[in-house]
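Undergrad: Sequence first, then the predicted structure:
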Amino acid sequence: MKQLELPHRTADYLCPVNGLCDIYEWKTGNRLPEELIHGSRPGFQLISQDRAIPPKMIFWGQGTIGKDQFNYWKNLIGYNMIASEGKPFQQTLMEVKSLIDQDIPTILFGLDMYHLPYHEAFYHTQHIPGHVLLMVGYDEQAVFVHDNSKLGVQTVPNSDLQQAWAQDYIGISKKNAYFGIDMCRPNLNIADIIQQGMARNAALYLNAPVDFIGARGIEKLIAELPAWNARFPADVMKQIYLHHVEFTASTVPELPEELSGIYSGIDNPHQAGRDKLADALLKYQSDFGTTKWATAAKQLRESGKMIEAIIKECINDIRAMSFADIDKFIPLLSEVKNIEERAIGQFQIERTIHKNRPNDLDR
């Protein structure tokens, strides 16, 4: 048996980064703000794969969760990452136990909450894939984890872990994916971490090296849209729209009640996270930000409302099974692009690194 004693705070709907923030606090005594680490990469991607379902996938983010996200922050925060996916369960279990033996907390990625016994509301009742945990220990029968929605250490029996981890997280990771985070050289200046991360993301958005991401990606979508009706039948257009709607939800990916018939109870506007980032910018500006954050927050709220308007039109078209008037999206997309170039550009204009104060997040 081995168990690491790490600090832990809950952070609703921020499981992809909650464990990383626990590790940083363990090593430095200060905490990275989950909302900024998770939400500070607004952007755009148009993924085209003729054999995929759907063949056109629109994402209003610069990067995905998982390996891309952890690689993005690795050098800025200051850690080494040991990653693996797709191996047999018993081999993977031995590997993550070995990391714990080396005092390296390990993020377990892409689990189905249906098989996590401490989630009583979902255990053997509802499949919720894609959950992320931080493994902090183990014994012969189970692993010990931090969960972003629970205080304290939770226990997952090996048999449940094997089932929870058994499926690929489609488009993001294979089964049994993990990321060992060795926080060996932490950057102690949180403002520097956040501002550098945002500036790097802004450069990618504004000057993308390829034509399917950032501002260039929106331009590509605008250019392509008029031809989609002739290229794709109505059932495929519906799939494209449904995917777009689902992945603009700000809190967790989901379809709205008028399409799914299910009310989840989650406050989940379809503003592609712009509302969440705007809130975080205002919350943390005095601690980690620049004078431009308030302006950026206002502009991101505007773009979030524009994205929400686009999604309302998508929902209307899905319900009517009518996709003929696709050109109506072009002026809306153009306006979003114009607003976001100004908003995201704010993160490049000024970088005023604040000195960390030990209790910035405890006030």
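TA: Cool, got the structure. Only a predicted model underlies this, so the values are computations on that prediction, with no experimental measurement involved.
Undergrad: show me the contacts for the most centrally placed residue in the chain.
TA: Central residue of the chain (CA atoms, centre = their mean): Ile65, 4.5 Å from the mean position. Residues near Ile65 by CB atoms under 8 Å, 6 or more residues apart in numbering: Pro16, Val132, Ile172. Where you see a C-beta, it was placed from the backbone N, CA and C, and this is true even at glycine.
Undergrad: Repeat that for Leu99.
TA: Ile82, Pro105, Thr106, Gly180.
Undergrad: out of those, what pair is the most spread apart?
TA: Put simply, by CB to CB the two of the contacts of Leu99 set farthest apart are Ile82 and Pro105, 11.1 Å from each other.
Undergrad: Those two - which one has more neighbours?
TA: Legend: neighbour count by other CB atoms under 10 Å for Ile82 and Pro105, higher for Pro105 (26 against 16).
Undergrad: by contact count, what packs against the helix of greatest length in the chain?
TA: For the chain, the helix reaching the highest residue count under DSSP state H is reported as helix 293-320. Using 3 or more CB pairs under 8 Å, 6 or more residues apart in numbering; DSSP states H and E as the contact test, the elements touching helix 293-320 are helix 234-246, helix 257-260, helix 274-288, helix 329-349.
Undergrad: just these: most buried one?
TA: Neighbour counts (mean count of other CB atoms under 10 Å) averaged over each of those peak at helix 274-288, with a mean of 21.
Undergrad: I'd like the average pLDDT over that helix.
TA: In this model, helix 274-288 carries a mean pLDDT of 97.
Undergrad: List the neighbours of that helix that are in contact with it.
TA: Outside helix 274-288, the residues within contact range by CB under 8 Å, 6+ apart are 33, 35-36, 39-40, 42, 60, 190-191, 194-195, 250-251, 269, 289, 293-294, 296-298, 300-301, 303-304, 307, 354, 357, 360-361.
Undergrad: Spell out the residue ranges of the strands in this protein.
TA: 2-3, 42-48, 56-61, 80-84, 106-111, 131-138, 142-146, 154-157, 177-182 (DSSP state E).
Undergrad: tell me the most buried of these?
TA: Greatest burial across those, using mean count of other CB under 10 Å, falls to strand 106-111, with a mean of 27.
Undergrad: what bits of the protein have low per-residue confidence?
TA: Counting by pLDDT under 70, the chain shows low-confidence ranges at 63, 349-363.
Undergrad: domain parsing for it?
TA: For the chain, automatic domain parsing gives the domain ranges 2-31+80-182, 194-352.
Undergrad: before we move on, back to that, intersection of neighbour lists for Ile82 and Pro105?
TA: In contact with both Ile82 and Pro105: Leu99, Gly180, using CB under 8 Å, 6+ apart.
Undergrad: So for Gly29, which of the helices and strands packed on helix 293-320 sits nearest?
TA: helix 274-288 (15.3 Å).
Undergrad: what's the distance between the most far-flung residue of the chain relative to its centre and Ile318?
TA: Largest separation from the mean C-alpha position in the chain: Ala230, at 33.5 Å (CA atoms, centre = their mean). Distance, Ala230 to Ile318, by CB to CB, to the nearest Å: 19 Å.
Undergrad: How about Val252?
TA: 20 Å.
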